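> Structure of the sequence below:
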Amino acid sequence: VSNILMAAVGIQSLLYSRERVVDQVRHTTGNLTALTEVSLAETARRIDMALQQVTDELERQAHEGIPSDAEIDRMLLRQHGRHPEIVNLRLSDAAGEVRWGNGIDRAALTNWRDRAFFREHQADPGQRMIVSEPIVGKISKVWMIAFTRSYRDADGAFAGVVSAAVQVSQLIGLIAKLDLGAHG
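This next block holds a predicted model:
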């Protein structure tokens, strides 16, 4: 009888201990998920601020006259330098021709007309940031996620899209840094 009682107490103790470990794992996983979400949201917020600064400057310049290619490239380079998570910061005109930004060959322009984000901005210019699904960059040929905003001309009409591209591998890297242990 005492052996049965000891076995019952042992089993009860193991079950209680297992329950505590499972609760602890759930709590830790929830915390890690929340931290990752906050980190990704903060990255998106910083990128959106950069996009808003670019669109504000483009719209301001539109009221003062047409800025030169060199002025636009300098502005994009300045913003790009402030945000190391951004791989490419590029700008299209209203027709979708990608004319400004790093890695642009003005003799062989690429076009964003076929991109869903371009069409959405064209239909509703200047309203919000749109984040693309993972896409292969037309110039870089690397998997990217494009954070985009449109800008308007002096009359308020759609004038083009500014895109801040982040490599998918970089975003995966944020998650991969988490040390979840041997059986994570």
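
> Low-confidence regions, this protein specifically.
Residue ranges of the chain with pLDDT under 70: 1, 25, 27-38, 173-184.

> Run through the neighbouring helices and strands of the longest helix along the chain.
If you go by DSSP state H, the chain has its longest helix at helix 2-64. Applying 3 or more CB pairs under 8 Å, 6 or more residues apart in numbering; DSSP states H and E, one finds that helix 2-64 makes contact with helix 69-82, strand 88-92, strand 143-152, strand 158-167, helix 168-176. C-beta here means a position set from N, CA and C on the backbone, and glycine is covered the same way.

> could you check the angle helix 69-82 makes with that helix?
With axes from the mean of the first three to the mean of the last three CA atoms, to 10 degrees applied, the angle from helix 2-64 to helix 69-82 works out at 160 degrees.

> one step back: as a markdown table, the helices and strands packed on helix 2-64 with distance to T55 and mean neighbour count would be great.
As requested, the helices and strands packed on helix 2-64 are exported to a markdown table (distance: least, CB to CB, whole Å; neighbours: other CB atoms under 10 Å):
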| stretch | distance to T55 | mean neighbour count |
| --- | --- | --- |
| helix 69-82 | 11 | 15 |
| strand 88-92 | 10 | 25 |
| strand 143-152 | 4 | 22 |
| strand 158-167 | 6 | 24 |
| helix 168-176 | 23 | 13 |
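
> Could you export those as CSV, including distance to E19?
Converted to CSV, the helices and strands packed on helix 2-64 look like this (distance: least, CB to CB, whole Å):
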stretch, distance to E19
helix 69-82, 49
strand 88-92, 50
strand 143-152, 40
strand 158-167, 41
helix 168-176, 28
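
> Quick one: closest of those to G101.
Nearest to G101, of all these, is strand 88-92, at 3.2 Å by CB to CB.

> strands paired with that closest one, and their directions?
Partners of strand 88-92 in the sheet, by DSSP bridges, are strand 98-101 (antiparallel), strand 158-167 (antiparallel).

> Show me the contact partners of it.
Contact with strand 88-92 is made by 50, 54, 58, 72, 76-77, 79-80, 83, 98-104, 111-112, 118, 137, 139-140, 144, 160-165, as judged by CB atoms under 8 Å, 6 or more residues apart in numbering.

> helix/strand/coil for R106?
Three-state call for R106 (DSSP: H, G, I helix; E, B strand; the rest coil): coil.

> Excluding chain neighbours, what is closest to it?
R99 (6.8 Å; CB to CB, 6 or more residues apart in numbering).

> Any figure for the gap between that neighbour and W112?
11 Å (CB to CB, to the nearest Å).

> try S132
Taking CB to CB, one finds S132 at 10 Å from W112.
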